[in-house]
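Trainee: No letters, just coordinates:
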Ligand code: BGC
């Protein structure tokens, strides 16, 4: 928190305000914000640059290498040929390119910059390294399910190790947008619905990408995106308007950005959306007052792909020149793809619309960043084809992908302990469009990884069982269309089997950018397949593939066992088999709530109670719920089973949290089962009455523990009043004394162990 203040309720404590500020995390945070040193050579260069060359340093374009592979994940642009792009480099009209292909392309381009351009300023190579480079790790939301920030740090580190060796200096990650409407396809890229989990995962990824030294040949600059509130798009429609209060912005959507900057991220990407009528790309309050002023951010801001240009379609800028001016003066240092800066900034400066000092300040930030990345010392430091090859898809990376994969899997349901399956003496039918085949394994936002190099489910299962001939694979259905004869073949295979693995869900194209879904359900042909296979009556394990939470229905919801497997990347099949056959107990927990019905969206556990909450599961008239369903999730945030039998007992919580003290809470967690277990022990709090209404629960801490059969562990958490801060009436952080509920529980909606305490004012 930045400006830690006390409220009217706590006015008694006014005298302590200064002392509180001195010891507040806010102050520590400001002091820990990464600094960007500016070496003398940067100012020397700026003094020698023309206005056109300066605008060039603020222009980033998709790479033209290979006919423009860069734009495969973006709307096509009429970009230049490779030769024409090299000429732009010669004329110092580019600061760098993104989504190029490998060290060889980077070497050629950097050579032109360093030998044929006037001032020989090194280029910056950027890329969307979102969840892996050549070795692909689980999509962000999947990895968040691990509830292991350390894992996210390690996979980001590995991604940087691989990607930096192919010349990439800068990744457009982490995406730290909170996703509370599961219709939004970009849920897959972030850490889900929760603020604390979003902060921890975002910060971990920054540490992983950047490592300890930005100059290192295995470090990439991180970019926190999309600033801000991109995930709050109305109705979950990608790019849609956002209209939220400053309080919600500060309390829900901004904290993961702060955490990312605190962890050292020195670049940010402006979001496509508007907030309350002002597109982020043209929002000086966001970029100047808040980001640089209030937070002290010293890095640079890049627009999103044609973000400045899109302000014309937003109805905010009348033409390209005005869009360039608005974006630049709002604080967006670098323009991506539109070329608006290099086309218009020189003229805007000459006409006095843009002060030259502002231009110089942005160029200074960009050049200082190139220096921080070590590019002035050695422009080729990350460009090494031999190193690129040696670091690509190493054994260690593959093993990490498998570890991350299995840790991302969430066991929603396991009636009758159907899982784990025995490895022998069982005939298994793997049915569904994701049963076999090297497709839809890596997931969205992958540029360099290849599905053909990833392990599919059937292969993973065959690798794990004693008798490979006992496996039958039937596709049964297309993803969004039926398959002729598919259901009959699937039913026959199910009849012949002892157990069915039903591999259904979403393909890669159904989540990610621009992939909002109006109905977040299993597509109809696959649902029909599930209904038909279920009538056979064999034990059925649903293996879901998904980039978001889904509303499960009918035979899918009723299956005795359900595994959420997201998009797990390179080791998909092996990771799923590790869980199916019990090599590991599931340790994943949902980072986004699975609703009872798609119509509940946006549904998130930390919602407000309303004035008419429905007290229990029984639906009462004139209470807040939809017709026929309680206002709760089918599987809430934090939910997930393991193979042990977990018991929560012995809550110990002291009755008061003194204003300047701590509160220790503990509970005894035991594994009463016969298998090793992994549990994510979660601490939730509710403020009973405050000057601003508070959510029904908020996650304040969690711990993941491993328990052998019969083992118990006492898990302790410590709270201070800072954990109880919220954004008050004046949009500043406040803490108010009063009564709080507290739960140590296995999910956001499980009762677990309940206690209360009071935060005292003195
Ligand atoms: C996305 C960004 C991405 C950029 C470059 C945009 O469409 O919103 O997240 O980094 O393209 O590929």
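Mentor: In hand now; what should we look at? All values derive from a computational prediction rather than experimental measurement.

Trainee: tell me, how many neighbours does residue 461 end up with?
Mentor: By other C-beta atoms under 10 Å, the residues close to residue 461 number 27. The way it works is simple: take the backbone N, C-alpha and C, and place the C-beta from them, glycine included.

Trainee: and it, what does it touch?
Mentor: 428, 430, 471, 501, 573, 576-577, 580 (C-beta atoms under 8 Å, 6 or more residues apart in numbering).

Trainee: For the ligand, give me its nearest residue in the stretch 251-400 of the chain.
Mentor: Of all residues in the stretch 251-400 of the chain, the one sitting closest to the ligand is residue 305 (3.8 Å; C-beta to the nearest ligand atom).

Trainee: next one: phi and psi at that residue?
Mentor: Dihedral pair for residue 305: phi -50, psi 110, per degrees, to the nearest 10.

Trainee: how does this protein divide into domains?
Mentor: 1-121, 393-593, 646-759 (automatic domain parsing).

Trainee: most surrounded residue in the contacts of residue 461?
Mentor: Neighbour counts for the contacts of residue 461 (other C-beta under 10 Å) peak at residue 430, which has 28 neighbours.

Trainee: before we move on, the earlier item: return the closest of the contacts of residue 461 with respect to residue 176.
Mentor: Minimum distance to residue 176 across the contacts of residue 461 is 27.6 Å, recorded for residue 576 (C-beta to C-beta).

Trainee: helix or strand for that closest one, which one?
Mentor: helix 572-580 (DSSP states H and E).

Trainee: List the neighbours of that helix that are in contact with it.
Mentor: When contacts are defined by C-beta under 8 Å, 6+ apart, helix 572-580 is touched by residues 401-402, 404-406, 408-409, 411, 419-421, 441, 454-461, 463-464, 501, 541, 543, 563, 565, 568, 583-586.

Trainee: Just the ones of the residues you listed in helices?
Mentor: Members of these lying in helices (criterion: DSSP state H): 401-402, 404-406, 408, 457-461, 463-464.

Trainee: Can you name the residues that contact the closest residue to residue 254 other than its chain neighbours?
Mentor: Among residues not flanking residue 254 along the chain, residue 228 sits closest, at 6.1 Å (C-beta to C-beta, 6 or more residues apart in numbering). Counting by C-beta under 8 Å, 6+ apart, residue 228 touches 249, 253-254, 257, 271, 275, 280, 286.

Trainee: and what of residue 401?
Mentor: So, once contact is read as C-beta under 8 Å, 6+ apart, residue 401 ends up touching 132, 135-137, 155, 568-571, 575.

Trainee: What of residue 202?
Mentor: With C-beta under 8 Å, 6+ apart, residue 202 has these contacts: 174, 176, 191, 224, 256-257, 259-260, 263.

Trainee: residue ranges for the strands of the stretch 301-450 of the chain, please.
Mentor: Taking DSSP state E, counting those that start in this stretch as the test, the strands found in the stretch 301-450 of the chain are 335-336, 410-414, 428-431.

Trainee: can you check the stretch 151-300 of the chain too?
Mentor: If DSSP E, counting those that start in this stretch is used as the criterion, the strands of the stretch 151-300 of the chain fall at 170-171, 223-227, 267-270, 274-275, 278-279, 300-302.

Trainee: how about CSV for the contacts of residue 202, with neighbour count, pLDDT and distance to residue 508 added?
Mentor: As requested, the contacts of residue 202 are exported to CSV (neighbours: other C-beta atoms under 10 Å; pLDDT from 0 to 100; distance: C-beta to C-beta, whole Å):
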residue, neighbour count, pLDDT, distance to residue 508
174, 31, 98, 20
176, 34, 98, 22
191, 32, 98, 20
224, 30, 98, 25
256, 29, 98, 25
257, 26, 98, 27
259, 23, 98, 29
260, 29, 98, 26
263, 24, 98, 29
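
Trainee: Verify the contact between residue 528 and residue 483 for me.
Mentor: No. Taking contacts as C-beta atoms under 8 Å, residue 528 lies outside contact range of residue 483: 10.7 Å.

Trainee: anything in contact with each of the two?
Mentor: residue 477.

Trainee: coming back round to it: would you point out the most distant pair within the ones in helices among the contacts of helix 572-580?
Mentor: 404 and 458 (21.0 Å).

Trainee: Those two - which one has more neighbours?
Mentor: residue 404 (28 against 22).

Trainee: Closest residue of the stretch 351-500 of the chain to the ligand?
Mentor: Counting by C-beta to the nearest ligand atom, the stretch 351-500 of the chain gets nearest the ligand through residue 445, at 8.0 Å.

Trainee: Could you check how far the closest residue to that residue other than its chain neighbours is from residue 136?
Mentor: Leaving aside its sequence neighbours, residue 445 sits nearest to residue 130 (C-beta to C-beta, 6+ apart; 4.1 Å). The gap separating residue 130 from residue 136 is 10 Å, by C-beta to C-beta, to the nearest Å.

Trainee: joint contacts of the two?
Mentor: residue 446.

Trainee: of those two, who's got more company?
Mentor: Per other C-beta under 10 Å, whichever of residue 130 and residue 136 has more neighbours is residue 136, with 33 against 26.

Trainee: Which pLDDT value belongs to that one?
Mentor: We have a pLDDT of 98 for residue 136.

Trainee: same question, residue 9
Mentor: Reported pLDDT for residue 9: 34.

Trainee: Once you drop chain neighbours, what's closest to residue 118?
Mentor: Leaving out its chain neighbours, the residue that sits closest to residue 118 by C-beta to C-beta, 6+ apart is residue 92, at 6.1 Å.

Trainee: what's the burial count for the one you found?
Mentor: 23.

Trainee: Kindly indicate whether it is helix, strand or coil.
Mentor: Look at residue 92: counting by DSSP: H, G, I helix; E, B strand; the rest coil, its state is coil.

Trainee: just checking, it touches residue 122?
Mentor: No. Here residue 92 lies out of contact with residue 122, judged by C-beta under 8 Å, at a distance of 11.5 Å.

Trainee: what about the closest residue to residue 49 other than its chain neighbours, distance to the ligand?
Mentor: Spatial nearest neighbour of residue 49, excluding adjacent residues (C-beta to C-beta, 6+ apart): residue 119 at 6.6 Å. Distance, residue 119 to the ligand, by C-beta to the nearest ligand atom, to the nearest Å: 27 Å.

Trainee: I am finished for the moment; much appreciated.
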